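Engineer: Mind looking at a prediction? Sequence and model below.
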2 protein chains.
Amino acid sequence: MSKKRIAFVGVGRMGANMARHLKDLKYRVTAVYDTYRPCAEELADELGKGTTAYRKLSDVTANADIIFTVVTDDAAMKKIFFGKKDNLLTGATGRLFINCATVSPDMHREVTKAAARRKADVLEACMASSISHARTGNLYLMMGGKESVFKKNRKLLEDLSLNLQYIGAAGKAAEVKALVNMVMNINTAGLAEGLGLAKALGHDLKMVCEVFSQTGANSRVLETDAGDMIDRDHECWFSSSHAAKDSGIAAKIARQKKLNLPVNAATQAQYERMKKEGLGELDKSGIAELTFPGRHANPKKKRVKKR
Amino acid sequence: MSKKRIAFVGVGRMGANMARHLKDLKYRVTAVYDTYRPCAEELADELGKGTTAYRKLSDVTANADIIFTVVTDDAAMKKIFFGKKDNLLTGATGRLFINCATVSPDMHREVTKAAARRKADVLEACMASSISHARTGNLYLMMGGKESVFKKNRKLLEDLSLNLQYIGAAGKAAEVKALVNMVMNINTAGLAEGLGLAKALGHDLKMVCEVFSQTGANSRVLETDAGDMIDRDHECWFSSSHAAKDSGIAAKIARQKKLNLPVNAATQAQYERMKKEGLGELDKSGIAELTFPGRHANPKKKRVKKR
């Protein structure tokens, strides 16, 4: 196994599981960091001797050769790479950053440019997967950045993934990721509307799913989300807040390209509504709370007793 | 083979192919009818001795035991069953009507009631299939109406179909059909937006489809429509006008049930827009004409030469 020192910045469930998996494979995970410190400290304890939870980003850079970042959004990326008091680019010469968060293509390009000025490399590794795939090294990874850098680090990336696809220059993988999530979110929102209406009409939802699966209504989200929508099991695998963000990234790119995409706009508005109504931390399947009769957005009317 | 006389009312491509297939199986197809007479006459000629293209609907009823109707929409159903001068219910005692058009659930219920007053039976046979399935007897049929009538005619229906599903009382199959098409149309519109944006960003669309197929963006319409969207091959299998109608049926039912389904609304609006812009007779994949750069709704700007 490579003797290179590996760090993780942002150790929520995805980042932590990737770190655990690399540790299992005997990689040297030397540094972890999270803005929520207890999270980083717990993980460092779990990974044991040789892993430190650093307080400063520049210490992470000083103590690692390859730094995975798995943060929330563009704002978080800005903070870790361009924070005035402390950032990952300080002393970054010779380092490789592998950025896994779903952020805007422009943000990937900006980080790549700034890193190049420090003679550091950057890859984007966009994940179309969930937490369990991270733990078992079965991620679906879409890679952006210099192809030579990708090839040099292929072994490490293969150890994390079941599917590894090189897409193109900086920002290009993030674009495809945004497209994937945009279409997935539309299909999810559409499925929630179909099942919600089926419920309102009194149909057996298992039968309806069976019919959907054999017709033009079939989709991956029918397999992954229909049952959860019916059972109201919205334990979070991919949050509605993330869905709102990703549909929003696609909408922003579409505006830049002067394309009118009304179905994405309607889908984004639904996921934004979930955030507004305090449902943002539900899984994306939770959008069924907006479309099923008798649920959050369509509560049963309370009977008012006459005096 | 049953000696019952079979008729087809509405012999566009679906109806004609169903008639051809039953004729192949040695059923007695005695009567055909279409408001566009040449269509009916041609088919009668093709099917040969024993098949007549009648000018009057009441003559169809007089000369058949089982009458398939495969017409366009609610208005057409109203005309053939309730037309004042001529209709299918005249002399209908003992007849069975099998209605295959995608019309509103309420229309099925209305026809069923009126037929019952004449002691005639009605089944709805909602098809989630296309023309080639009709020709080969591989339709996907969702059946509504009395279960006893369904069971009595099971052999005939099985000869037309690969999948036969009894859904419930009159109108219930039409409801499920509306749900299927609503979700299919949403997925189609969403895919067209995803691929249109991918094109605007300069991606290899074959690669994007490959990524979609392996991720949460996968769907049946990705298999059936993505290639046609990319190649602008919009030969009609399922027209955009029909898509608009079906999404509209779902929208109407949703309003009756007081459900807010904004993604279906946005999809319906797109298909209505296609009709307005003269694209209604394109296949549903033609919705890509609204979302791809440089196409119908996003024409390339003409350069104006300066004098």
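Structural biologist: Happy to help now that I have it.
Engineer: all helices in the stretch 101-250 of chain A, in order from the N-terminus.
Structural biologist: A:105-117, A:131-136, A:147-152, A:154-160, A:172-200, A:205-213, A:220-231, A:240-256 (DSSP state H, counting those that start in this stretch).
Engineer: Quick one: mean pLDDT for the fourth one?
Structural biologist: This means helix A:154-160. Across helix A:154-160, the average pLDDT comes to 97.
Engineer: List the buried residues of it.
Structural biologist: A:156-157, A:159-160 (16 or more other CB atoms under 10 Å in any protein chain shown). From N, CA and C alone the C-beta is placed, and that goes for glycine too.
Engineer: Return the residues of the stretch 201-307 of chain A in contact with chain B.
Structural biologist: The stretch 201-307 of chain A comes close to chain B at residues A:201, A:203, A:207-208, A:211-212, A:214-221, A:224, A:250, A:253-254, A:257-267, A:269-270, A:290-291, A:293, A:297-298, as judged by CB under 8 Å from any CB of the partner chain.
Engineer: which of those residues count as buried?
Structural biologist: For those, buried by 16+ other CB under 10 Å: A:201, A:203, A:208, A:211-212, A:214-221, A:224, A:250, A:253-254, A:259, A:261-267, A:269-270, A:290-291, A:293, A:297-298.
Engineer: Tell me the pLDDT of residue A:2.
Structural biologist: 68.
Engineer: again, but for the one 4 residues further on
Structural biologist: Predicted confidence (pLDDT) for residue A:6: 98.
Engineer: Neighbours of it, how many?
Structural biologist: Using other CB atoms under 10 Å in any protein chain shown, the number of residues around residue A:6 comes to 24.
Engineer: next one: phi and psi at it?
Structural biologist: When read as degrees, to the nearest 10, the backbone of residue A:6 gives phi -120, psi 140.
Engineer: same deal with the one 3 residues further on?
Structural biologist: For residue A:9, the backbone dihedrals are phi -110, psi 120 (criterion: degrees, to the nearest 10).
Engineer: Could you count how many residues lie near residue A:50?
Structural biologist: Counted with other CB under 10 Å, residue A:50 comes out at 12.
Engineer: can you confirm it is in a strand?
Structural biologist: No: under the criterion used here (DSSP: H, G, I helix; E, B strand; the rest coil), residue A:50 is coil, not part of a strand.
Engineer: May I ask you to confirm that it is in contact with residue A:29?
Structural biologist: Yes: shown here, residue A:50 and residue A:29 form a contact pair, counting by CB atoms under 8 Å, at 7.5 Å.
Engineer: which non-adjacent residue is nearest residue A:3?
Structural biologist: Leaving aside its chain neighbours, residue A:3 sits nearest to residue A:28 (6.6 Å; criterion: CB to CB, 6 or more residues apart in numbering or on different chains).
Engineer: Now do the one you found: how many residues are near it, please.
Structural biologist: 19.
Engineer: Wait, it touches residue A:19, no?
Structural biologist: No: in this structure, residue A:28 is not within contact of residue A:19 by CB under 8 Å, at 11.2 Å.
Engineer: Overlap of the contact sets of those two?
Structural biologist: Shared contacts of residue A:28 and residue A:19 (CB atoms under 8 Å, 6 or more residues apart in numbering or on different chains): residue A:6.
Engineer: which residues touch residue A:211?
Structural biologist: Contacts of residue A:211 by CB under 8 Å, 6+ apart are A:217, B:128, B:142, B:165, B:176, B:180.
Engineer: From residue A:112, how far off is the third one?
Structural biologist: Look at residue B:142 and residue A:112: by CB to CB, to the nearest Å, they are 52 Å apart.
Engineer: any idea how chain A splits into domains?
Structural biologist: Listed domain ranges for chain A are A:5-170, A:175-291 (source: automatic domain parsing).
Engineer: looking at those domains, which is buried most?
Structural biologist: Highest mean neighbour count among the domains of chain A (mean count of other CB atoms under 10 Å in any protein chain shown): domain A:175-291, with a mean of 22.
Engineer: Please work out the average pLDDT along that domain.
Structural biologist: 97.
Engineer: now swap in stretch A:61-75 and tell me
Structural biologist: The predicted model gives stretch A:61-75 an average pLDDT of 96.
Engineer: residues making contact with that stretch?
Structural biologist: Contacts for stretch A:61-75 (CB under 8 Å, 6+ apart): A:4-12, A:14-15, A:18-19, A:30-31, A:52, A:54, A:60, A:77, A:80, A:88-92, A:94-101, A:103-104, A:107, A:125, A:153, A:156, A:245.
Engineer: again, but for stretch A:152-159
Structural biologist: Residues from elsewhere that reach stretch A:152-159, judged by CB under 8 Å, 6+ apart: A:2, A:21-22, A:25, A:27, A:66, A:96, A:98, A:123, A:125, A:137, A:141, A:143, A:150, A:164.
Engineer: Could you rerun that using 6 Å?
Structural biologist: A:25, A:137, A:164 (CB atoms under 6 Å, 6 or more residues apart in numbering or on different chains).
Engineer: Repeat that for stretch A:231-250.
Structural biologist: With CB under 6 Å, 6+ apart, stretch A:231-250 has contacts from A:73, A:102, A:104, A:130, A:178, A:181-182, A:185, A:264, A:267-268, A:271-272, A:274-275, A:280-286.
Engineer: quick one: terminal-to-terminal distance for it?
Structural biologist: Using CA to CA, to the nearest Å, one end of stretch A:231-250 lies 30 Å from the other.
Engineer: How far off centre is that stretch?
Structural biologist: Distance of stretch A:231-250 from its chain centroid, counting by CA atoms, centre = their mean, to the nearest Å, is 9 Å.
Engineer: ok, residues contacting stretch A:40-48?
Structural biologist: Identification of contacts with stretch A:40-48 by CB under 6 Å, 6+ apart yields A:11, A:16, A:23, A:29, A:32-34, A:51-53.
Engineer: tell me the mean pLDDT over that stretch?
Structural biologist: In this model, stretch A:40-48 has a mean pLDDT of 97.
Engineer: Just the CA coordinates for that stretch, please, in CSV.
Structural biologist: Output of stretch A:40-48 as CSV, limited to C-alpha atoms (Å, rounded to 0.1, in the frame of the first residue of the first chain):
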residue,chain,number,x,y,z
ALA,A,40,-13.3,14.7,14.0
GLU,A,41,-12.0,13.7,17.5
GLU,A,42,-14.3,10.7,17.7
LEU,A,43,-13.1,9.5,14.3
ALA,A,44,-9.4,10.0,15.1
ASP,A,45,-10.0,7.9,18.3
GLU,A,46,-11.7,5.2,16.3
LEU,A,47,-9.0,5.1,13.6
GLY,A,48,-6.4,4.9,16.4
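Engineer: Thanks again, I'm all set now.
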